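K.L.:
Sequence below, structure please.
(2 chains)
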Number of protein chains: 2
Amino acid sequence: MEYLNSLALLTDLYQLTMAQSYLQSKKSASATFSLFVRSYPPHRGAFVSAGLEHVLDFLQGFAFDREAIDYLTSTRMFAADFLDFLKGLRFTGEVWAIPEGRLFFKDEPILEITAPIIEAQIVETFVLNQINLQVLIATKAARCVHVAGGRALVDFSLRRTHGIDAGIKVARSSYVAGFSGTSNVAAGKIYGIPIVGTMAHSFVTSFEREIDAFRSFVTSFPENSTLLIDTYDTVAGARKAVEVAREMAGKGQRLRGVRIDSGDLASLAKEVRRIFDEAGFVDVKIIGSGGLDEYDLAALTEVNAPYDSYGVGTKMGVSADAPWLDMAYKMVEYNGRPVLKLSTGKVSSPGRKQIFRFVDGRGQLLKDVIALRHEELPGAEPLLKKVMEKGEIKGAYPSLREIRESFLDEFGRLDENTRAIRNPAIYPVELSPRLTHLKAEIEQQVAQTQLPLTQSI
Amino acid sequence: MEYLNSLALLTDLYQLTMAQSYLQSKKSASATFSLFVRSYPPHRGAFVSAGLEHVLDFLQGFAFDREAIDYLTSTRMFAADFLDFLKGLRFTGEVWAIPEGRLFFKDEPILEITAPIIEAQIVETFVLNQINLQVLIATKAARCVHVAGGRALVDFSLRRTHGIDAGIKVARSSYVAGFSGTSNVAAGKIYGIPIVGTMAHSFVTSFEREIDAFRSFVTSFPENSTLLIDTYDTVAGARKAVEVAREMAGKGQRLRGVRIDSGDLASLAKEVRRIFDEAGFVDVKIIGSGGLDEYDLAALTEVNAPYDSYGVGTKMGVSADAPWLDMAYKMVEYNGRPVLKLSTGKVSSPGRKQIFRFVDGRGQLLKDVIALRHEELPGAEPLLKKVMEKGEIKGAYPSLREIRESFLDEFGRLDENTRAIRNPAIYPVELSPRLTHLKAEIEQQVAQTQLPLTQSI
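P.N.:
Next up is the predicted model:
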């Protein structure tokens, strides 16, 4: 952020108080934490992995700078020995993760961090913050792509994403999930995502006559103009755009497209298409926008609304029908001992893990098995890769384009019923017999250690 | 952002293409844009203003740096004269705004920007992005404060806010709306908001016995320990916490509190309260958390669940039941000419405005009148203040504490039925006779200018 040098402070206070207590009670053994989604939000049956690059960059650069230490000192909450310790603290651990742009499912660890307990604990808040958002949006965007019938989708959400960071990450996550571009210029610069834009209603209203606004714009962008035609009356706007297209044709230029942003999008597109076709402009594209999400897109595809592409904004950019995931970062092993918690409705699975994905002869996804890390399941692909070792990122990141292609390929191999945007079929995810056994064993141990003791108090 | 020097690129591409067209068609007259919410989200009847400080900072520092210009050049979308123009572009306009921490209502301009049209247009995306988020969250947080029966609320949302910027702005916005603190350490540093924390389940599971986790923590924080007691069994956890409280009492120390994060929060709190009271620890506080929003808080208050405070996380931090506002930034005047658009369902009101608030003898809010800027309505408070002139911020910002106090004061003077968290009463907002007249006049003019022309094509 412009106002924050040390990202290490982007943490919940309890991460720091726990760290001090770990330090003072000399708990420094290695812990493994697992990041996973506990349940499907409404109408979701799969998730898209995204955000790993930001987490790894954060971990590799993790440090409290002087300003951060000064602030923590000023709170008078922490002991001097702990503040000294923080000054030298770096992340030295190991990370296994599902690469970006892969499908994953409920209960599957998308990422596991193994590090001295203080390090593994203290990074929780940032890791959750970034992966939760990016998986959320990539998943929502994939649903839009799925129902758009092959039409190009462009991210228009920056004005209503939750802040700056979300705006940039939404552009990236939606691109990973198959969007074609974004209106977000910063995301274009940072990630090389194609940037796309048309015009706003204010441009039109700044001219006394709508047609003069159109003329002015195409004069500036003779090769790349999309005119917004719904400021006053969409059909009237389309006729003016036709007039401008004729003027352009007279100069050997071509109007690229028109955008409809309000009203009954399906019937308006049909009328506008007819107007352009009758005037001989069959190549002029129609772009639809205005509060669209996957449910609207599916309805438009259903009635063959003649749109060539869509701008998808707010509802995708905030994942409006499910704006958060039940994602958790839980300790699964400490000092070689598998652990879990039994809190009502939130029982976790112990031990370091691996996910194995089985596909059929045509590559169609069949089922996943969550197993212990050291298990080997022949004929299946292990999804978790070692991406960081001793605090250092292993190898170069794949390009965003590669991630996007890998996602679209795998998404196409997921059963149609699981991809459905309403009441999707549940994809089969099993626990390996060894993991099932370990979980039962640890649950029993925990019950014996923790529960009877209390009844005797 | 850590990856972005020039915030000016945080814009939709069309702001830049329109700007080039304005420049090339020599449109440089002054325009006024108005920022307002077009409709109430479900169960909302009022909004809380927030985010102005970030907008003014942005406007005052607005500039495209060399890196930004280089990127824009590389896209080959823009003309050389326009890129040259951008290098020297600064924001030189005037801003009128409702101060932060005030109530406002549907259709009321929270902010109006008057500047040469390119400047006023190009800042739209950032202005909307920031105000939309912060109003959204301050409004959601105020609802939580309203139903918590005077109990302290703490922002626990950072892990599931939409990114980093949202995390920080949520801490600030919820504090403005009456929260007492945040778990977000960065927000504590940046804004001086009190930071609050307890412990996580992982801390407990890292010890072989739950009670050893408690002992370790209180040893590190003898004056400020809140123990998380639901990792395995809440009632058993409470009994262990009592044992630890007794050990502390023996050393002249005092256990501050316990936290319950899962299960039936109402009945568990009653049982835990009884356990502590019977053991003589009537001062030990009980903190509730775990997916709480205003609806849960209202239910807990209703049954007198004996919580002393609550941690409120995800659902507040993403405004889960209404994760976006129908907020728009619309041109209302260009070159002295009032303008509007007629798009279906989105008709705007022309001209520069002022909002007048009427209260009764006890200060209770009676009604607002939206008027033209130059009107004077005796006996009412004008809400929009001039906060920026010639691109310079006027005067010092109020402190966050002052903003928070001013909000709590005004919120207490809003009718109980309008504050209701379900089906609130609609607060009366009228248009002044002059504004009503102008709107009708401009609508008629626009219809004459824009619509008949098209029928003749």
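K.L.:
And chain A, what are its domain boundaries?
P.N.:
Chain A breaks down into these domains under automatic domain parsing: A:7-137+A:322-455, A:148-194+A:308-320, A:198-288.
K.L.:
Okay, and the residue most central in space within chain A sits in which element?
P.N.:
Nearest to the mean C-alpha position of chain A, by C-alpha atoms, centre = their mean, lies A:Gln134 at 2.3 Å. For A:Gln134, the host element (DSSP states H and E) is helix A:124-147.
K.L.:
How about that helix and chain B, touching?
P.N.:
Yes. Judged by C-beta under 8 Å from any C-beta of the partner chain, helix A:124-147 and chain B are in contact via A:124-125, A:128-130, A:132-133, A:136. The way it works is simple: take the backbone N, C-alpha and C, and place the C-beta from them, glycine included.
K.L.:
Give me the residues contacting the helix or strand following that helix.
P.N.:
Once the chain leaves helix A:124-147, the next helix or strand it forms, by DSSP H and E, is strand A:152-155. Strand A:152-155 is contacted by residues A:141, A:144-145, A:170-171, A:174-175, A:178-184, A:187, A:196, A:297, A:308-313, A:316-317 when judged by C-beta atoms under 8 Å, 6 or more residues apart in numbering or on different chains.
K.L.:
list the buried ones in strand A:152-155?
P.N.:
Judged by neighbour count (16 or more other C-beta atoms under 10 Å in any protein chain shown), strand A:152-155 contains these buried residues: A:152-155.
K.L.:
ok, now stretch A:233-246?
P.N.:
Neighbour-count burial for stretch A:233-246 [16+ other C-beta under 10 Å]: A:233-234, A:236-245.
K.L.:
May I have the helix or strand bottoming out on mean pLDDT in chain A as PDB, with CA atoms only?
P.N.:
Every helix and strand of chain A was ranked by mean pLDDT, DSSP states H and E. The lowest is helix A:433-455, at a mean of 79. Presented in PDB, the C-alpha positions along helix A:433-455 are these (Å, rounded to 0.1, in the frame of the first residue of the first chain):
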ATOM      1  CA  PRO A 433      -7.800 -45.300   4.100                       C
ATOM      2  CA  ARG A 434      -4.600 -44.200   5.900                       C
ATOM      3  CA  LEU A 435      -5.900 -40.700   6.400                       C
ATOM      4  CA  THR A 436      -9.300 -42.000   7.600                       C
ATOM      5  CA  HIS A 437      -7.600 -44.200  10.100                       C
ATOM      6  CA  LEU A 438      -5.300 -41.400  11.400                       C
ATOM      7  CA  LYS A 439      -8.200 -39.000  11.700                       C
ATOM      8  CA  ALA A 440     -10.200 -41.600  13.800                       C
ATOM      9  CA  GLU A 441      -7.200 -42.300  15.900                       C
ATOM     10  CA  ILE A 442      -6.400 -38.700  16.600                       C
ATOM     11  CA  GLU A 443     -10.000 -37.900  17.400                       C
ATOM     12  CA  GLN A 444     -10.000 -40.600  19.900                       C
ATOM     13  CA  GLN A 445      -6.700 -39.500  21.400                       C
ATOM     14  CA  VAL A 446      -7.900 -35.900  21.700                       C
ATOM     15  CA  ALA A 447     -11.100 -36.900  23.300                       C
ATOM     16  CA  GLN A 448      -9.100 -39.000  25.900                       C
ATOM     17  CA  THR A 449      -6.600 -36.200  26.500                       C
ATOM     18  CA  GLN A 450      -8.800 -33.200  26.600                       C
ATOM     19  CA  LEU A 451     -12.300 -34.200  27.500                       C
ATOM     20  CA  PRO A 452     -12.200 -36.500  30.500                       C
ATOM     21  CA  LEU A 453      -9.700 -34.300  32.300                       C
ATOM     22  CA  THR A 454     -12.300 -31.500  32.300                       C
ATOM     23  CA  GLN A 455     -15.100 -33.600  33.700                       C
END
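K.L.:
Against which helices or strands is it packed?
P.N.:
Contact partners of helix A:433-455 among helices and strands, from 3 or more C-beta pairs under 8 Å, 6 or more residues apart in numbering or on different chains; DSSP states H and E: strand A:365-372, helix B:234-250.
K.L.:
Save these as TSV, and put in distance to B:Arg90 and mean pLDDT too.
P.N.:
Compiled in TSV, those are given as follows (distance: least, C-beta to C-beta, whole Å; pLDDT from 0 to 100):
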stretch	distance to B:Arg90	mean pLDDT
strand A:365-372	54	98
helix B:234-250	58	97
